[in-house]
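Novice: one predicted model, sequence on top.
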Amino acid sequence: MRKHAPEVREGAPEVTGAASQHRLGIALVVAAAIAWSTAPFFTRLLAYDSWTILFWRGLFGGGLIAAMMVLLQGRAGLHELTRMGKSGWLVASYSTAAMLAFIPALQLTSVSNVAIIIATGPFLAAALAWVWLREIPRLRTMLASVVALCGVAIILGNARADSDIRGIALAIFMALAISAMTVMVRRHKGTSMVAAAAISNILGSVVSIPFAHDIAGVTAFDLFILAMFGFFQVAIGLTLFFIGSRFLPSNQAALISTLETPLMPFWVWLAFAEIPGIRVFIGGALVMAAVIADIVGDSRAQGQSG
């Protein structure tokens, strides 16, 4: 027994350190999901056209991400920003397309509709990976996709006004663009997601210039809100997620990040009393159950194989 005592004492700090890192990873990814979920809150605070919001949000968010890369990585970060290959620009283009659809979708339809459609992203990515990469989806994922599709169909059946339909269509387009971006990152694993995020935000600002009506008419207070929108929701959220996901299994990070979906309508309900309808609750419950079941099932399958 005495011979084993030193081994236990030597191993204890390592175990404690791993557990501490795991807890830190969970806290950081939870914080990232909270940051991401504030997008509808900031959008509701701003009485401007979507192009004006996109311009300033992208400028602040992309600028901070780029600055943090240079500060933390030095020349290596600058190299990633200025020397992105074709795959990096393709990822940035998909991200920009999603970004350009996101803000108008939030302005045209309810936050709950947008949030729930975004949650179907993992299943859309699985479908695109099947088409582009010939990755055959698991039976569990296919069944979960059917359940999620039923949830979205229930939400679509609740659409009445023309603006509501256009907002839902933009949310679907956004989810497809994010899924395409996810598949491209999987195919080109050397692509820097952080650099692509910085470029996509700046690119979104440039694209918005010809269509924005109030770029120069933004008040000082609203400019502060737009800065917080770009800094907190975009840059800080992304940074927290990438740091936190280093300490967690990918499935667990993905599961925790789904907190964004219920939190998006929660902030708007809390601040603006925007209450989702019963069909949204039913459809949203189906989508979230499908997402969580698929991620948990995949995590258990990997644990058994390990």
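Specialist: Perfect, I can see it now.
Novice: hang on, residue 100 packs against residue 204?
Specialist: Yes - the pair residue 100 / residue 204 is scored as a contact, 6.1 Å apart, by C-beta atoms under 8 Å. Heads up, the C-betas are built off the backbone N, CA and C, glycines and all.
Novice: what is in contact with those two at once?
Specialist: residue 54 (C-beta atoms under 8 Å, 6 or more residues apart in numbering).
Novice: contact partners for residue 132?
Specialist: Residue 132 touches 183, 187, counting by C-beta under 8 Å, 6+ apart.
Novice: ok, now how distant is it from residue 262?
Specialist: Going from residue 132 to residue 262 by C-beta to C-beta, to the nearest Å gives 31 Å.
Novice: same question, residue 27
Specialist: 18 Å.
Novice: next: residue 99.
Specialist: Distance, residue 99 to residue 262, using C-beta to C-beta: 22 Å.
Novice: over to residue 21?
Specialist: When residue 21 is compared with residue 262 (using C-beta to C-beta), they lie 27 Å apart.
Novice: before we move on, what about residue 109?
Specialist: 17 Å.
Novice: more neighbours: which of those two?
Specialist: Higher neighbour count among residue 109 and residue 262: residue 109, with 24 against 16, using other C-beta atoms under 10 Å.
Novice: in contact with the more buried one: list those residues for me.
Specialist: 159, 163, 164, 166, 167, 168, 171.
Novice: just the buried residues of these.
Specialist: 159, 164, 167, 168, 171 (16 or more other C-beta atoms under 10 Å).
Novice: and for stretch 287-300, what are the contacting residues?
Specialist: 116, 119-120, 122-123, 138, 140-141, 144-145, 147-148, 151-152, 249, 251-252, 254-255, 258, 261-262.
Novice: switch the cut-off to 7 Å
Specialist: 116, 119-120, 122, 140-141, 144, 147-148, 151-152, 249, 251-252, 254-255, 258, 261 (C-beta atoms under 7 Å, 6 or more residues apart in numbering).
Novice: which of the residues in that stretch are classified as buried?
Specialist: 287, 288, 290, 291, 293, 294, 295, 297, 298, 299.
Novice: alpha carbons of it, as PDB, please.
Specialist: C-alpha atoms of stretch 287-300 as PDB (Å, rounded to 0.1, in the frame of the first residue of the first chain):
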ATOM      1  CA  VAL A 287     -36.400  20.300 -33.500                       C
ATOM      2  CA  MET A 288     -34.500  20.600 -30.200                       C
ATOM      3  CA  ALA A 289     -35.400  17.000 -29.100                       C
ATOM      4  CA  ALA A 290     -34.000  15.800 -32.500                       C
ATOM      5  CA  VAL A 291     -30.800  17.800 -32.200                       C
ATOM      6  CA  ILE A 292     -30.100  16.800 -28.600                       C
ATOM      7  CA  ALA A 293     -30.900  13.100 -29.300                       C
ATOM      8  CA  ASP A 294     -28.600  13.000 -32.300                       C
ATOM      9  CA  ILE A 295     -25.700  14.600 -30.500                       C
ATOM     10  CA  VAL A 296     -26.100  12.500 -27.300                       C
ATOM     11  CA  GLY A 297     -26.500   9.300 -29.400                       C
ATOM     12  CA  ASP A 298     -23.300  10.100 -31.300                       C
ATOM     13  CA  SER A 299     -21.400  10.900 -28.100                       C
ATOM     14  CA  ARG A 300     -22.500   7.500 -26.600                       C
END
